[in-house]
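Asks: Model the structure of this input:
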Amino acid sequence: MSSVVIAGNTSGTITLDAPNVAGSTVLTLPTTSGTILTSATTQAGLPTNIAGNGPAFSAYRSTNQSFSFTAWTKISLNAEDFDTNNNFDSTTNYRFTPTVAGYYQFNGVVAIQSTTSVSRTIVALWKNNAQALRGSDLPISAGTQVVFANVQGLFYMNGTTDYMELYVYAQGSGTLNIIANSGEYPTLSGFLARAA
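Replies: Residues are numbered from 1 along each chain as shown. Model (predicted):
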């Protein structure tokens, strides 16, 4: 096997090795300046607007959570299926704070149960402690019925201070519970769809 070794101006070398298979391999470089990506390339080394291996997570609530009527309540997502960049806080604030700037897709689902009829149950994504997007707005027509509410949206996150949380709201009276089922719900998941 033959190699081509290119020496740097001051130190270091680049070695191009021919493959150990019969036949020819062609490496075509662009006619303009650019960057060649390798298996060692990190998110920071990718070209603009490429998601690559950006953060992704899936968090859930492991036990039921009660909440009150006519008040927005944050769902305490205290467990994780995965968190590729350790950006989800499942112990204190129950929020996702990505460290890579870009556009993120978020998906949330909640199961809500009430002992009485409920006129509205709403799930929403909150960005930076403010409601950013409402999802399902459903009634509960009979006591002990379970309704599933969901929300999804694409948001820009600045990679430093922006964070996302999952909230729920209901109108009515009686006892309300967010029902937990082995990581299936309630959940909040998200991933970097496109870097900034």
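
Asks: Show me the shaky parts of this structure.
Replies: In the predicted model, the chain carries pLDDT under 70 at residues 1, 34-35, 37-52, 142-144.

Asks: what are the bridge partners for Gly108, then?
Replies: Beta-bridge partners of Gly108, counted by DSSP bridges, are Val151, Leu188.

Asks: Can you tell me how far it is from Phe57?
Replies: Noted for Gly108: a distance of 12 Å to Phe57, by CB to CB, to the nearest Å. Any C-beta I mention is one placed from the backbone N, CA and C, and that applies to glycine too.

Asks: More neighbours: which of these two?
Replies: The neighbour count for Gly108 versus Phe57, taken as other CB atoms under 10 Å, is higher for Gly108 (29 against 23).

Asks: Next, the contact list for the more buried one, please.
Replies: By CB atoms under 8 Å, 6 or more residues apart in numbering, Gly108 lies in contact with Val123, Leu125, Gly135, Asn150, Val151, Gln152, Leu166, Pro186, Thr187, Leu188, Ser189.

Asks: Closest one of these to Val100?
Replies: Each of the contacts of Gly108 was checked against Val100 using CB to CB; the closest is Ser189, at 16.3 Å.

Asks: wait, what's in contact with the closest one?
Replies: With contact taken as CB under 8 Å, 6+ apart, Ser189 is in contact with Ala56, Phe57, Ser58, Ala59, Asp81, Phe106, Asn107, Gly108.

Asks: Serialize the residues you listed to CSV and add fields for distance to Asn177 and secondary structure.
Replies: Putting the contacts of Ser189 into CSV (distance: CB to CB, whole Å; DSSP: H, G, I helix; E, B strand; the rest coil) gives the following:
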residue, distance to Asn177, secondary structure
Ala56, 29, strand
Phe57, 25, strand
Ser58, 22, strand
Ala59, 19, strand
Asp81, 22, strand
Phe106, 23, strand
Asn107, 22, strand
Gly108, 17, strand
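
Asks: Mind giving me the PyMOL command for buried ones among these?
Replies: Restricted to buried positions by 16 or more other CB atoms under 10 Å, the PyMOL selection for these reads:
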select buried, resi 56+57+58+59+106+107+108
